[in-house]
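Asker: Model the structure of this input:
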Amino acid sequence: MSKELENSIEIKELFKAYDGKSKVNVLQDINLDIRSGEFFILLGPSGCGKSTLLNIIAGFISKSGGDLFIQNKEISGPGKERSMVFQQPDAALFPWLNVRENIEFGMKMQKVSKKERSSISDKYLQLVGLSEHEKKLPEELSGGMKQRVQIARVLANNSEILLMDEPFGALDAQTRRTIQQEFIRIWLHTKKTIIFVTHDIQEAILLGQRIGIMSKGPGSFIESIYDVKLPYPRDITSQNFNEHYKMIQSHFEINSNTNNRFNVDEVSEII
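Answerer: Model prediction:
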């Protein structure tokens, strides 16, 4: 099987339950195959379990049942082949390290030479617009700037799988659009496997090859998957883009008052 057809991530009948007065399934019957090099979007309303699923794939949260394979190996914890950008940057940055040191931390742990670390961090400091803030500590940064440090660090670490939990949500509109466009350029060049969580339909269509729509929780599942056949870079003002937007928006409107399940095997292709 060619690398393009291999699955980086395979999920079979996965569920996650939290014990309390009554046992509640946060996720239920998650079945998903993500191909190597694919840009996959998890789209759904707040509280539907998108971040929980992403954290299980990252190895930070244990699943309650089902199977999860990363590159044909069953996983039960974090791995160096996966890097994650968290929704809340304060949970990920080291407060005693400055911006450049945070970006270089993973490379330092991998014994990358100081000269090479410096060159790589220069590149990503410039990308995220933080070159003039490289010596600042996280406490001196705004929320959006902290998130940009996270993004730069993940890109600098050069992991094969990138897990991104609404990474651009705290950025201003102009910076967000710039980094979205640059991120697509980097992905097209590197063909890393990306799982990107968002509740923004426009962002999902702008970035993703496939969009997995999650149902409302609890007991959330992937109720439908859309193939997006638009070429990159994508124009949010085009008629085709707007048709995609209306189709996915109508999915939420149609299913907002129903609990009927969709067959995930019935994939909708957007032409």
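Asker: just for the stretch 51-200 of the chain, where's the confidence low?
Answerer: Along the stretch 51-200 of the chain, segments meeting pLDDT under 70 are nowhere present.
Asker: what about the strands in it?
Answerer: 65-70, 73-74, 82-85, 161-165, 193-198 (DSSP state E, counting those that start in this stretch).
Asker: Looking at those, spot the one closest to Ile222.
Answerer: strand 193-198 (12.1 Å; C-beta to C-beta). Where you see a C-beta, it was placed from the backbone N, CA and C, and this is true even at glycine.
Asker: tell me which strands and helices the closest one is in contact with?
Answerer: Judged by 3 or more C-beta pairs under 8 Å, 6 or more residues apart in numbering; DSSP states H and E, strand 193-198 is in contact with strand 7-18, strand 24-35, strand 39-43, helix 50-58, strand 161-165.
Asker: TSV for the strands of the stretch 51-200 of the chain, including mean neighbour count and distance to Val154?
Answerer: Listed next are the strands of the stretch 51-200 of the chain as TSV, based on neighbours: other C-beta atoms under 10 Å; distance: least, C-beta to C-beta, whole Å:
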stretch	mean neighbour count	distance to Val154
strand 65-70	16	17
strand 73-74	9	21
strand 82-85	23	5
strand 161-165	23	6
strand 193-198	24	10
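Asker: Need the CA coordinates for stretch 198-213. CSV is fine.
Answerer: Provided in CSV are the C-alpha atoms of stretch 198-213 (Å, rounded to 0.1, in the frame of the first residue of the first chain):
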residue,chain,number,x,y,z
THR,A,198,-13.1,24.2,15.0
HIS,A,199,-16.7,25.3,15.3
ASP,A,200,-16.3,27.8,12.5
ILE,A,201,-17.8,26.5,9.2
GLN,A,202,-15.9,29.0,7.1
GLU,A,203,-12.6,28.0,8.6
ALA,A,204,-13.4,24.3,8.2
ILE,A,205,-14.0,24.8,4.4
LEU,A,206,-11.0,27.1,4.0
LEU,A,207,-8.6,24.5,5.4
GLY,A,208,-9.9,20.9,5.3
GLN,A,209,-9.9,18.1,2.7
ARG,A,210,-12.6,16.3,4.7
ILE,A,211,-14.9,17.6,7.4
GLY,A,212,-16.3,15.3,10.1
ILE,A,213,-19.4,16.8,11.7
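Asker: If you count neighbours, what's buried in it?
Answerer: Neighbour counts over stretch 198-213 (16 or more other C-beta atoms under 10 Å) mark 198-199, 201-213 as buried.
Asker: try stretch 85-92
Answerer: Neighbour-count burial for stretch 85-92 flags Val85, Phe86, Gln87, Pro89, Ala92 (criterion: 16+ other C-beta under 10 Å).
Asker: so what's the first one up against?
Answerer: In this case it means Val85. Shown in contact with Val85 (C-beta atoms under 8 Å, 6 or more residues apart in numbering): Ala92, Gln147, Gln150, Ile151, Val154, Leu162, Leu163, Met164, Asp165, Pro167.
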